[in-house]
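Student: With the sequence up front, the predicted model follows.
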Amino acid sequence: MDIPLDVEVRCTDGACGKSAAIIVDPKTEQVTHVVIEVDGTRYLVPVEAIAGSTPDRIQLRWTREELTASAPFEKVALDGDGTTPLGMPGMTGASMAWPYGMDGDYMLEATAAAYMPVEQIPAGERAIHSGAYVEATDGGVGQVEEFLVDAATGRITHLVLRKGHLWGKRDVTIPLEQIDRVEDDVVYLKLDKAAIAQLRSVPVRRK
């Protein structure tokens, strides 16, 4: 099964968003959730809700209503002094206009920390976002396009590099065991560029 990033997501009642990230459990090497963006809001969707996929599309078992009723991927956190984020209920005093608030004749600068979306990643798991960079031991080699998952076990078997990587039009599929670590949305490999160039490409299903 392909789990592509930054592609159309369709619900049972039509197009409903796009894929923005995947959530991975490093211990089991399984994808547990897909983050789907709908009209600017991101939702945390369990991988079991995926009915099928290609490198260009993800099909859900859910309706759009069911999707938008699922858990949000981002929640608003307040800053340490209790400032209320812009547009949130409970604002008193100054009427807010980002990034300033008007209080009589004075302009009050709103702190950037007042509005802080926090990603709701399950404990012990990692998020890999659309466009995450891939680094070989001797430098960058491209961006993540999708993941290939064993349908029987749910375990990731390969990542696929985005178009425009160093090897032209060929799909570059990196075996999971050659991933060293994921840090700050960067996938670090155990291989150098020369070794990656010699990898056998695993076929990726196309529409």
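Tutor: Yep, that arrived. This one's a predicted model, so the numbers in the text were calculated from it and none came from an experiment. Numbering: from 1, shown residues only.
Student: Below-threshold pLDDT in the chain: ranges please.
Tutor: Across the chain, residues meeting the criterion (pLDDT under 70) sit at 77-115, 162-170, 202-207.
Student: Where does the record place the domain boundaries for it?
Tutor: By the assignment in automatic domain parsing, the chain contains the domains 2-72+121-197, 77-115.
Student: most tightly surrounded among those?
Tutor: domain 2-72+121-197 (a mean of 17; mean count of other Cβ atoms under 10 Å). C-beta: built from backbone N, CA, C; applies to glycine.
Student: Span of it from start to end?
Tutor: Chord length of domain 2-72+121-197, first to last residue, is 22 Å (Cα to Cα, to the nearest Å).
Student: Lys27 and Ala194: what is the separation?
Tutor: Applying Cβ to Cβ, to the nearest Å, the value for Lys27 to Ala194 is 31 Å.
Student: er, Ile22 actually
Tutor: 29 Å.
Student: now Arg10
Tutor: Counting by Cβ to Cβ, the gap from Arg10 to Ala194 is 40 Å.
Student: same deal with Glu8?
Tutor: For Glu8, the distance to Ala194 (Cβ to Cβ) stands at 36 Å.
Student: Likewise for Thr12?
Tutor: Separation of Thr12 from Ala194 (Cβ to Cβ) stands at 46 Å.
Student: And Asp138, by the same measure?
Tutor: In terms of Cβ to Cβ, Asp138 sits 8 Å off from Ala194.
Student: Likewise for Glu183?
Tutor: 23 Å.
Student: now do Val7
Tutor: From Val7 over to Ala194 the distance is 31 Å, taken as Cβ to Cβ.
Student: cool, and Tyr133?
Tutor: Distance, Tyr133 to Ala194, using Cβ to Cβ: 19 Å.
Student: same deal with Glu135?
Tutor: The spacing between Glu135 and Ala194, counted by Cβ to Cβ, is 15 Å.
Student: before we move on, what about Thr41?
Tutor: Going from Thr41 to Ala194 by Cβ to Cβ gives 43 Å.
Student: do Val134 as well
Tutor: Distance from Val134 to Ala194, by Cβ to Cβ: 15 Å.
Student: Equivalent analysis for Gly154, please.
Tutor: Distance of Gly154 to Ala194, given as Cβ to Cβ: 32 Å.
Student: check contacts around Ile128.
Tutor: Leu5, Ala21, Ile22, Val24, Val144, Val182, Asp185, Val187 (Cβ atoms under 8 Å, 6 or more residues apart in numbering).
Student: Now do the helices in this structure.
Tutor: For the chain, the helices defined by DSSP state H cover 64-68, 193-197.
Student: Quick one: list the elements packing against the first one.
Tutor: Taking 3 or more Cβ pairs under 8 Å, 6 or more residues apart in numbering; DSSP states H and E as contact, the helices and strands that helix 64-68 lies on are strand 8-11, strand 14-25, strand 30-38, strand 41-46.
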